Structures are given as structure tokens and as C-alpha cells.
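> sequence? don't have it. structure:
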């Protein structure tokens, strides 16, 4: 076993070393809580063993820390990062034969949990973004960094989810999991640099209630496609050298456009405080090493976007009544008064228009919509809407 | 096909399903040796632990869970090996409350456990 450099202490303080709540079991309890001799709650984590003894890292803990471990708010190494760390040797006959007060830096890396490893794999964040830059320091993180990191991730995923939502098989019954992607839940944030981790929507317990096995598999498949699009885009952008003439998905300009737009949300702007964005999580990469996007990637993305045949976006003004709002997908149906047969147009909108959309939902008054469309029957991206009670200029 | 006579009576319980399907286990050596296939009952560890669980071996149904276990405790071993369990190899069931696919496998006496496992990943 590894050589201990620390102060020897009496092992009796940790007796009887009886597991109270086993958090990890592998041929026996490996991570567990126990009460020490003073009835203080402690956390033990297996470190190493030989023929005679098993070695555990031990820290004082609280129910809140254990709750954080079990809910994915803390990694195991974070739960062990306490002011005092002990090493305890547990003989195979059940006696404690040694205990030492040590410093975490003196514990070999392969004798403690890897950083970021969660108690269970299911607690791994699905997507993690870490912003770094010269002005980003603990306690001094510009609000713009927080906003662009959190919103950037959510808008990137929403971009790809919208592409999948336009697929014919989604028109009739929109995927529940896709709808959850429209507002990806934040699992936790870390203040040193600024990092936000997003939880998988598949972990919500009631997400698939009422669905059959085939339908659940379809949900997982749709989510997998969104993740595959993001991975394909990141791989294309970071594979050296980025081919100046290629698209993320050659032969599919529409998907390439969605991917490039998603990547732009994740890439630092040349004018932002963020110099680099590190991306982790199973939605982005299989590797434990992060993908790093820099300001210079923006020019690659802008160049690629300019090469895609124009989708012929037009400004459009519509007048109609708002019906059928889908709050998860952030879209509504507009009964368009400007067309002879009162055409129904699907409109998508951003969160800052929520209140206005809800106020106009179902009322008889018409609303003026200003947006972008690619065709007379395409989805309209709403830029602004004007309610009739503010149509007259203020005096 | 019998379990060791030295095990506690009714261990595992009669309703424990026959072993079946692929499982993954962590090993320190490649190829896998008998040393990585010892239960706590055989090694004498944790004499006060659950007497029936001590006789079983921990495996995972998902490779990713085995990798996560390695990341939590690298000294368990850097090798992940896979075996295809059949009814003739013993009984196995999911062990609730742990990693989602953690499974306890109680092997029949005489099963050559190490020979069943093929190394599929070296995490070093």
C-alpha cells in the first residue's frame, strides 16, 4: 500500500468503524458513513488494500454533504475535501490497526477518487461548460460571463433540438425529452473560474410516465441524435486543421447550419471576457479530457456559415391572434389575419417575450408580430410583438 | 452444480435468478487471475459483514459503471474484463441501492472464474 506521510493518531477515535449508510459497494462497502467514538458523522472512502488491511480515507461530514453526494451536487473528491483528512487501516479481522492525520496533497492520485467523478454514473452532468479568461476569478466573475455561459449552452442545445423538432416524425407528438432540452436543468455551478453543469433530462423520474417501451426508446433515440449532432460539430470544429471548405455534415446544409449556429453559442465571442470555453459531458464528448473552444473558432464558424447556400430568410410582419402556446418548446400558433383563409403560423419566441405572449393568449384582440421566416408557411422566429394597447405612440 | 457447502444455509436465496448475460469486473492483472476473483469470504475480509453477500462477487452489467468504479477507486485495478454468464455459472441479481447495474454473482463451486473473463479495457 502507499506510504503514509502524516501524523499517527490513535485509531480508537474511529471505532467501531461500522458502516451506517453504504454509498458504494464493491465486494464489500467501499464508501460509507459511520459514527466515530464521539458519535460524530464521518465519511469513509476506500483507498487501497493488501493481504492484511484495507485503507480508507476518512473525513468528518454532514447529512447535507451526503445528500449532495447522492444528488449529484458534489463529486466524491469534493465531499472528501474537508479541513482534516485521516487515513485509517482496517484489518481483515475487523480491527482498526492504524490511523494518521494526513494532507490531501500527500495522498497519491491513484489512491483517491478522480476529480469530477460522481458517486454514480447517472449523476454525471450531461453537459458541462467552464469559462476561463483573465478577468474570471473566484468572487469576481462578470455577470456577462455567467449569462453567456448558461444561456450559450441552453441556446446551443435548443438550436439542435429545434432542428429535430422540425423532423416529420416529431410534428404529431413532440418528444418529451426534446421539450426538456429546451430548458436544460442546471445541476450545479462552480465558482472557481466559472463552470456550469447541466443535468440529463432523462433522469427526471416522471418524464416517461404513460409511455410504452417503444415510445421510450424513441425518446432516447431523439436525444441521442441531438447529442450526435453536437459531437459531430465539435469534432469538425476542433479536428486540426479545420477544413476551410467543408461543412459539419457534408450534403446536409440545413443540419450543418443548425450545428454551426449551436456552436456559435458555445464559442467565446472575440469581444467577451471569456477567452476559452472547456466543454465536457456525454452530450459533447466521450473523452474525459475537455474540448476547448477559443475566440478564434468564431471566425471558422462565421466563414462556414457564409458558405452555406442562403436559406432565404425574410423579415415578415403578421397580424393575428395567439392560440395554442407550448411553454416547453416556446412556440405558439398565430391565426394570421393577413391571409385570406386565416392561415395558422407556428411561431417560436425567446424567454423575454413570455409575458407578452401569455397576456395575448386566447384574447380576441390581434397582435402585431415582427419576425424572420424562410417561406410563407415556415416557422416564424419572433423578434418582437406589439399588443394593441400600446400600438399608439405615447404622447 | 452446487454452491460451496461452507456458505450460509439458503445462500443465495432460492428465488435468486440464474446467472445470465454479460458482466464486467475490475482486475489488477491482465490476463485476469484468480486473485481478482476472490470473494471476501474466501479472502477472510469483513468477517462481520452480511454473511451471504460476502460469498458473492461484485460485477456490473454496464461497462460505464465499471469505469466509474475504477475512477472512484483506481487502486482496485486498471483492467476491465467481461464475461458472459450462463446458468451453469451460478446465480446473480442486481444489488439495490448501489450503482444502477451493480450485480452480485454467486458462482457455483468449481467454476473457473478467471478463465471466463476477457480483458476489454486497460484504463492505465
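Structure's in. What do you need? Nothing here was measured: the structure is a model prediction, and the numbers come from that model.
> going forward, measure contacts between C-alpha atoms and count neighbours the same way
Noted.
> quick one: low-confidence ranges for chain B?
B:96-98 (pLDDT under 70).
> for it, what lies in contact range of chain A?
Within chain B, the positions near chain A by C-alpha under 8 Å from any C-alpha of the partner chain are B:39-40, B:44-49, B:53-54, B:56-59, B:64-65, B:68, B:71-76, B:97-100.
> cutoff 6 Å now
Neighbours of chain A within chain B, by C-alpha under 6 Å from any C-alpha of the partner chain: B:45-46, B:57-58, B:71-75, B:98-99.
> which ones among those are found in helices?
Residues of the residues of chain B next to chain A located in helices (DSSP state H): B:71-72.
> okay, the residues of chain B next to chain A in a markdown table with neighbour count next?
Formatted as a markdown table, the residues of chain B next to chain A follow (neighbours: other C-alpha atoms under 10 Å in any protein chain shown):
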| residue | neighbour count |
| --- | --- |
| B:45 | 22 |
| B:46 | 21 |
| B:57 | 22 |
| B:58 | 25 |
| B:71 | 22 |
| B:72 | 30 |
| B:73 | 23 |
| B:74 | 25 |
| B:75 | 20 |
| B:98 | 16 |
| B:99 | 23 |
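> any chance of the residues of chain B next to chain A in a markdown table, plus distance to residue A:51?
Output for the residues of chain B next to chain A, formatted as a markdown table (distance: C-alpha to C-alpha, whole Å):
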| residue | distance to residue A:51 |
| --- | --- |
| B:45 | 9 |
| B:46 | 13 |
| B:57 | 17 |
| B:58 | 19 |
| B:71 | 22 |
| B:72 | 21 |
| B:73 | 17 |
| B:74 | 17 |
| B:75 | 14 |
| B:98 | 26 |
| B:99 | 26 |
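> so residue A:44 is in which element?
When elements are assigned from DSSP states H and E, residue A:44 belongs to strand A:41-49.
> what helices or strands is that strand leaning on?
Under the contact definition 3 or more C-alpha pairs under 6 Å, 6 or more residues apart in numbering or on different chains; DSSP states H and E, strand A:41-49 sits against strand A:29-35, strand A:53-60.
> what strands line up against it, and which way round?
Strand A:41-49 has the following strand partners under DSSP bridges: strand A:29-35 (antiparallel), strand A:53-60 (antiparallel).
> secondary structure class for residue A:256?
Three-state call for residue A:256 (DSSP: H, G, I helix; E, B strand; the rest coil): helix.
> show me what contacts the residue most central in space within chain B?
Central residue of chain B (C-alpha atoms, centre = their mean): residue B:57, 2.9 Å from the mean position. When contacts are counted by C-alpha atoms under 6 Å, 6 or more residues apart in numbering or on different chains, residue B:57 is found next to A:27, B:39, B:104-105.
> 8 Å - rerun?
If you count contacts by C-alpha atoms under 8 Å, 6 or more residues apart in numbering or on different chains, residue B:57 has them with A:27, B:37-39, B:104-106.
> tally of neighbours for residue A:229?
26 (other C-alpha atoms under 10 Å in any protein chain shown).
> where's it, which helix or strand?
helix A:213-238.
> ok, now residue B:29?
Taking DSSP H and E as the definition, one finds residue B:29 inside no helix or strand.
> what's the answer for residue B:16, then?
Counting by DSSP H and E, residue B:16 is part of no helix or strand.
> surely it and residue B:94 touch.
No - look at residue B:16 against residue B:94 with C-alpha atoms under 8 Å: they stay out of range, at 9.8 Å.
> quick one, which of these two is more surrounded?
More neighbours surround residue B:94 than the other of residue B:16 and residue B:94, with 19 against 15 (other C-alpha under 10 Å).
> which residues does the residue nearest to that one when sequence neighbours are not counted contact?
Counting by C-alpha to C-alpha, 6 or more residues apart in numbering or on different chains, residue B:103 is the residue found nearest to residue B:94 once chain neighbours are left out, at 4.2 Å. Each residue near residue B:103 by C-alpha under 8 Å, 6+ apart is listed here: B:58-61, B:92-95.
> out of these, which end up buried?
B:58-61, B:92-95 (16 or more other C-alpha atoms under 10 Å in any protein chain shown).
> now the closest residue to residue B:62 other than its chain neighbours: phi and psi?
Leaving aside its sequence neighbours, residue B:62 sits nearest to residue B:101 (C-alpha to C-alpha, 6+ apart; 6.1 Å). In terms of degrees, to the nearest 10, the main-chain angles of residue B:101 are phi -110, psi 10.
> correct me, but residue B:101 touches residue B:64?
No - judged on C-alpha under 8 Å, residue B:101 makes no contact with residue B:64 at a distance of 9.6 Å.
> deepest in the core, which of the helices and strands packed on strand A:41-49 is it.
strand A:53-60 (a mean of 23; mean count of other C-alpha atoms under 10 Å in any protein chain shown).
> what mean pLDDT does it get?
Taken as a whole, strand A:53-60 carries a mean pLDDT of 96.
> again with stretch A:356-367
Stretch A:356-367 comes out at a mean pLDDT of 86.
> what does stretch A:158-168 give?
Here the average pLDDT along stretch A:158-168 is 79.
> buried ones in that stretch?
A:158-165.
> please list which of those residues are also close to chain B.
Among the buried residues of stretch A:158-168, chain B is touched by none when using C-alpha under 8 Å from any C-alpha.
> which ones are touching the residue lying closest to residue A:92 once chain neighbours are set aside?
Among residues not flanking residue A:92 along the chain, residue B:45 sits closest, at 4.3 Å (C-alpha to C-alpha, 6+ apart). Applying C-alpha under 8 Å, 6+ apart, we find residue B:45 in contact with A:91-94.
> next: residue A:227.
Residues in contact with residue A:227 (C-alpha under 8 Å, 6+ apart) are A:282-284.
> mind checking which of these are buried?
For these, buried by 16+ other C-alpha under 10 Å: A:282-284.
> what about the helices in chain B?
B:40-43, B:63-72, B:113-116.
> between the ones you listed, which one is nearest to residue A:298?
helix B:63-72 (34.0 Å; C-alpha to C-alpha).
> got the buried residues for that closest one?
B:63, B:65-72.
> what parts of chain A come near chain B?
A:23-28, A:46-48, A:76, A:91-94, A:110-114, A:117-121.
> partners of the helix or strand hosting residue A:189 in the sheet?
Applying DSSP H and E as the criterion places residue A:189 in strand A:186-190. Strand pairing for strand A:186-190, using DSSP bridges, gives strand A:194-198 (antiparallel).
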